[in-house]
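S.K.: this one's structure only:
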């Protein structure tokens, strides 16, 4: 019988199958084959927190098939991913297939290439029990928090809510940031900036000193700034000092999971979840035309910046042949992770073959895969290139006969080094004209400018990942699912124009409850400490059950206490002066999963409710010129979770509703019959499509302006920042600013 190789993904199985001969059968477990039950806690408290695993319904057919094949196999290789999750899947498979420890052949590989697979097969290992215990400990911890705390939230706040070790801390970060923004008091400050000209070339200058005193950020008053502006207008300048220094910049290290998620979000607009899905596809294998299906990148869940010697050597050879010997770093570069828990035996995220350039593989990838692969390829190769060299210059200029001093700064790149393939996107200083002490220049423009300090920015997905990582909360595999969960649960809203993470009312309420009554669950240091304990379990330095017990005993005691102490009305209701217009009883402000609303205290006899908008104002229903087609009563316009909608005024007796149409006034260019209207996708994203759907399927992700492209005739669209472009992806038209 053939050798059986079990992986967790069918795509991975397909890729490996291309490398191995007929002596190997490759099968996929399709992820986890055992898990805790959904309907019960699934933890034996009387037996030292032992997990009570079951085979999920969706995995039963797969397990049955694997058992039949395994019974006839000469050898079984467990080839799941090399992290804790993958180790646990292999262990579960071993248990289900009843493979004795002595016969276990565990293989791991950081990349799915023929060489890596063959080397792994030649050096099989045993399943790492410490990694399995660490994964079990995390699973049990998360189950205890979720299944004990979530029901309390259902009883005391609203059904459908959930709490979790990492997700609750992530929500707290976002809520705390919102509180900072709300409490922020802007401070006014002034600057005096302008432009000067020498020899036909202009450069930026700014006021640096008055009467020999250097100016700091808040030194200038409005009056002083305006006086300086008036005094300096049209002034002749003399260069009094020129200071130049050489600046050498080292390349950034190759990507870890978190830095890849951060850059993909910032530069490509990908969510953390989307980034990991695409990276998984690139890792598991892509068919490259006539070549075998092969993995294009190494394993994407890693906290290490280490690179294999083989890649370092190949990158140096590539740089020398493509760019010249001046781009070769003798011996290559080595990086060391700053994270104390990073596993240096792992590798950074990098291309499996540096000669698979973004250009050579582009035709085999979709647009999103191509963008992510290029990001990874460029970063990995840049990490092996020489420092970039530049000359930074600072110039002081004195206006004739006036007590001021102006400054100008700039830099010139003398050797691009790693920036040859990884361009610096922002922060570069402008280039200055050639200036020397004694040179003359003319001030062509000078302005007194008012500024205000800005509050801290709301978290983007990128900055939230960075904040979690800096605090030691979560691990590479947890960031994407954590952010996806808090958005899907309605604790955080990302469906706004700035694409930043805003806490919702229910998210803020749940956070306040947890901070007050379950402080450890949302404490940054406590959560980071648990992560360190999990790392020590994985390293074989601690046993997992004592850690669970130390956490659970006080946690359970607090849960029991709060079930008695907390009152739902105290948490979710607020008295008002409003009186129900249907029965005359008082109305109260309540909060549910989707925010605040006004409700009659006569419930359930009276079910009258009114929506409350983001300004804490009662959203009055607006009667429209339409009657209900079900009961004949007037229809009214209301505000709901996803915006305005039309409902029957006879609610709750009549529950007829219609979606309110937001029109753009732009005719559909495809069918010439319909009009482009605003819609919302199932995921909450706004798009624009023809109102004749499904007869016409024309749609755009960005709002049409109503004007047509002068180049190709397609509709022009406007993005969230107001930039206009052609809706035709093949057309590069951009209007001149």
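M.R.: Sure thing, it's come through. In this text the structure is predicted, and so the values were computed from the model without any measurement.
S.K.: and the nearest residue to residue 214 once chain neighbours are set aside, which of the three is it?
M.R.: Using CB to CB, 6 or more residues apart in numbering and skipping residues adjacent in sequence, the residue nearest residue 214 is residue 208, 6.6 Å away. Yep, even glycine has a C-beta here, placed from its N, CA and C like the rest. Of the three states, residue 208 takes strand according to DSSP: H, G, I helix; E, B strand; the rest coil.
S.K.: chain neighbours aside, what residue packs nearest to residue 97?
M.R.: Residue 97 sits nearest to residue 70 (CB to CB, 6+ apart), 4.5 Å away.
S.K.: show me what contacts the one you found?
M.R.: Applying CB atoms under 8 Å, 6 or more residues apart in numbering, one finds that residue 70 lies in contact with 4, 76, 97, 99.
S.K.: now residue 120
M.R.: 79, 107-109.
S.K.: against residue 4, how distant is the nearest residue to residue 78 once chain neighbours are set aside?
M.R.: Leaving aside its sequence neighbours, residue 78 sits nearest to residue 90 (CB to CB, 6+ apart; 3.7 Å). Distance, residue 90 to residue 4, using CB to CB, to the nearest Å: 13 Å.
S.K.: of these two, which one has the most company?
M.R.: residue 90 (28 against 22; other CB atoms under 10 Å).
S.K.: tell me the predicted confidence for that one.
M.R.: According to the prediction, residue 90 has pLDDT 96.
S.K.: name the helix or strand for it, please.
M.R.: Per DSSP states H and E, residue 90 falls inside helix 84-97.
S.K.: again with residue 522
M.R.: Short version, using DSSP H and E: residue 522 is in no helix or strand.
S.K.: same thing with residue 140?
M.R.: If you go by DSSP H and E, residue 140 is part of helix 129-156.
S.K.: again with residue 372
M.R.: helix 367-382.
S.K.: buried sites along that helix?
M.R.: 368-382 (16 or more other CB atoms under 10 Å).
S.K.: what's the mean pLDDT across it?
M.R.: Averaging pLDDT residue by residue across helix 367-382 gives 96.
S.K.: report all helices and strands that it contacts.
M.R.: Packing partners of helix 367-382 (3 or more CB pairs under 8 Å, 6 or more residues apart in numbering; DSSP states H and E): helix 257-268, helix 272-284, helix 309-323, helix 358-361.
S.K.: pull the contacting residues for residue 2.
M.R.: Counting by CB under 8 Å, 6+ apart, residue 2 has contacts 22-25, 73-74.
S.K.: walk me through the domains of the chain.
M.R.: What automatic domain parsing lists as the domains of the chain is 3-127, 141-184+459-565, 188-250+388-452, 257-382, 571-659, 662-726.
S.K.: pull up the distance across the first one, start to finish.
M.R.: When you say that, I think you mean domain 3-127. 18 Å (CA to CA, to the nearest Å).
S.K.: residue 605: neighbour count?
M.R.: Neighbour tally, residue 605, other CB under 10 Å: 8.
S.K.: which helix or strand contains the closest residue to it other than its chain neighbours?
M.R.: Closest residue in space to residue 605, ignoring its immediate chain neighbours: residue 583 at 7.4 Å, by CB to CB, 6+ apart. Here residue 583 sits in a region with no helix or strand, counting by DSSP H and E.
S.K.: what's the local residue count around residue 583?
M.R.: Around residue 583 there are 14 residues (other CB under 10 Å).
S.K.: which helix or strand in this protein has the lowest average pLDDT?
M.R.: strand 618-619 (a mean of 70; mean pLDDT, DSSP states H and E).
S.K.: thinking again about what came up before, please report how far the residue nearest to residue 605 lies from residue 603.
M.R.: 10 Å.
S.K.: how about residue 57?
M.R.: From residue 57 to residue 603 the distance is 39 Å (CB to CB).
S.K.: list the contacts of the residue nearest to residue 188 when sequence neighbours are not counted.
M.R.: What sits nearest to residue 188 in space, not counting adjacent residues and going by CB to CB, 6+ apart, is residue 452, at 5.7 Å. Going by CB under 8 Å, 6+ apart, residue 452 touches 186-189.
S.K.: looking at residue 57 and residue 603, which is more packed in?
M.R.: The residue with more neighbours, out of residue 57 and residue 603, is residue 603; 14 against 7, by other CB under 10 Å.
S.K.: next, that one: phi, psi?
M.R.: phi -60, psi 140 (degrees, to the nearest 10).
S.K.: just residue 452 next, same as before
M.R.: According to degrees, to the nearest 10, residue 452 has phi -130, psi 140.
S.K.: list the residues that contact residue 59.
M.R.: 29-34.
S.K.: got those as a markdown table, with distance to residue 695 columns?
M.R.: Formatted as a markdown table, these follow (distance: CB to CB, whole Å):
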| residue | distance to residue 695 |
| --- | --- |
| 29 | 45 |
| 30 | 39 |
| 31 | 41 |
| 32 | 44 |
| 33 | 46 |
| 34 | 49 |
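S.K.: Serialize these to JSON lines and add fields for neighbour count and pLDDT.
M.R.: Formatted as JSON lines, these follow (neighbours: other CB atoms under 10 Å; pLDDT from 0 to 100):
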{"residue": "29", "neighbour count": "23", "pLDDT": "95"}
{"residue": "30", "neighbour count": "16", "pLDDT": "93"}
{"residue": "31", "neighbour count": "15", "pLDDT": "90"}
{"residue": "32", "neighbour count": "18", "pLDDT": "92"}
{"residue": "33", "neighbour count": "23", "pLDDT": "95"}
{"residue": "34", "neighbour count": "18", "pLDDT": "95"}
